[in-house]
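> Predicted model, plus sequence, below.
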Amino acid sequence: MNSAKEIAEEIKKKLPIKDVETAVILGSGLSGFAQILEHQQSLRYKEINGFPQTSVSGHKGELIYGYIGAKEVLCLNGRFHLYEGHEPQTIAQVIRVLKDLGIKRLIITNAAGSLRKDMAPGTLMLIKDHINFSGKNPLVGANDEIYGCRFPAMNNAYPEHLREKCKKIAEKLKISVKEGTYFMVLGPNFETAAEVRAFGILGGDAVGMSTVPEVIAAVHCGIEVLGISVITNYAAGLVNNTPTHQETLEEADKASLRMSALVTEFIKEEE
């Protein structure tokens, strides 16, 4: 198995990376952001030795390098889910590749179901915390001290200063955003109505099947995280509906322009 450092070196040979500090992971149906990058070059995941592959509709499976203004940006157009059969450590490896490429800030987006009646489909939710209900953790196994300590703290996984900056930008752009706690389940099935009620009682505001493994791995190796959920549906039982993946993709596409504008301006204003 190729090490994270070996994979990073291969990527550097294939893409003209100079001084990239920001990466964006795109969730289901949110690939439109990738088209914003200027002077872009792309690399299919299958062209990178040792890199995992995506298998879900709405995840193209390509690494895109380009610019937003004067800022270099890497974009992962397609993510890896535990329900596809990927091991959590595989997701950690991908994040460590980003670390070895020089990434200091990671913007993670996802499509999620609302656990609150006052948070309708189309809402952009800044993630302020998460609940890992998947039963999986990417840090299980031998710890590599090169990347981080054995027992990393997670109480500041989504730094307040990044969320406050994002809220100010949203206000300037007249984009409505909310804040909430992301509740991760393993999937791939959508949740039962009873589960949805339980997740709300436990403190969740939105539910999804991704993001948390990447965040844990990023925090472990010292990468700051901004998380944004695009609310694509009401979770089962909140209203009279039956969630589908097609609905997820359609609603994410509708919100993609606002999410892209928000992330673009955030990157432009980075120090």
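Looks like it arrived, so ask away.
> Am I right that Tyr83 is in a strand?
No - under DSSP: H, G, I helix; E, B strand; the rest coil, Tyr83 falls outside any strand and is assigned helix.
> Report the contact partners of it.
186-188, 209 (CB atoms under 8 Å, 6 or more residues apart in numbering). C-betas here are computed from N, CA, C, even on glycine.
> Buried among those residues? Need that as a selection in PyMOL.
Per 16 or more other CB atoms under 10 Å, the buried members of the contacts of Tyr83 correspond to this PyMOL selection:
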select buried, resi 187+209
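> As a markdown table, the contacts of Tyr83 with secondary structure, distance to Met125 and pLDDT would be great.
Shown next, in a markdown table, are the contacts of Tyr83 (DSSP: H, G, I helix; E, B strand; the rest coil; distance: CB to CB, whole Å; pLDDT from 0 to 100):
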| residue | secondary structure | distance to Met125 | pLDDT |
| --- | --- | --- | --- |
| Leu186 | coil | 21 | 97 |
| Gly187 | coil | 19 | 94 |
| Pro188 | coil | 22 | 94 |
| Met209 | coil | 16 | 96 |
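> Counting neighbours, show which residues of whichever helix in the chain runs longest come out buried.
Of all the segments of type helix in the chain, defined by DSSP state H, the longest one is helix 245-268. Burial within helix 245-268, assessed by neighbour count using 16+ other CB under 10 Å, is assigned to 245, 247-249, 251-253, 255-256, 258-267.
> Can you name the two of the contacts of Tyr83 that sit furthest apart?
Checking those against each other with CB to CB, the farthest-apart pair comes out as Leu186 and Pro188, at 8.0 Å.
> what residues are shared contacts of those two?
With contacts taken as CB under 8 Å, 6+ apart, the residues that reach both Leu186 and Pro188 are 83, 209.
> Let me see the contact set for Ile216.
Under the criterion of CB under 8 Å, 6+ apart, the contact partners of Ile216 comprise 92, 132, 137-139, 152, 154, 157.
> try 10 Å
The neighbourhood of Ile216, defined by CB atoms under 10 Å, 6 or more residues apart in numbering, consists of 88, 91-92, 95, 130, 132, 136-139, 152, 154, 157, 225.
> Likewise for Ile95?
By CB under 10 Å, 6+ apart, the contact set of Ile95 is 4, 23, 25, 103, 106, 138, 147, 213-221, 223.
> What is the distance between the helix or strand harbouring it and the centre of its chain?
Taking DSSP states H and E as the definition, Ile95 sits inside helix 88-100. Taking the mean C-alpha point of helix 88-100 and that of its whole chain, the gap between them comes to 13 Å (CA atoms, centre = their mean, to the nearest Å).
> so what strands line up beside the following helix or strand past that helix?
Downstream of helix 88-100, the next assigned helix or strand under DSSP H and E is strand 105-114. Taking DSSP bridges as the criterion, strand 105-114 pairs within the sheet with strand 22-26 (parallel), strand 206-208 (antiparallel), strand 224-234 (parallel).
> Below-threshold pLDDT in the stretch 101-250 of the chain: ranges please.
In the predicted model of the stretch 101-250 of the chain, no residue satisfies pLDDT under 70.
> And the helices in it?
Counting by DSSP state H, counting those that start in this stretch, the stretch 101-250 of the chain forms helices over residues 160-173, 193-201, 212-220, 245-268, given from the N-terminal end onward.
> the inter-axis angle of the last one versus strand 22-26?
Right, helix 245-268. Angle, helix 245-268 to strand 22-26, by axes from the mean of the first three to the mean of the last three CA atoms, to 10 degrees: 170 degrees.
> Adding mean neighbour count and distance to Met119, write the strands paired with strand 105-114 out as TSV.
Conversion of these to TSV gives the following (neighbours: other CB atoms under 10 Å; distance: least, CB to CB, whole Å):
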stretch	mean neighbour count	distance to Met119
strand 22-26	26	21
strand 206-208	27	7
strand 224-234	24	6
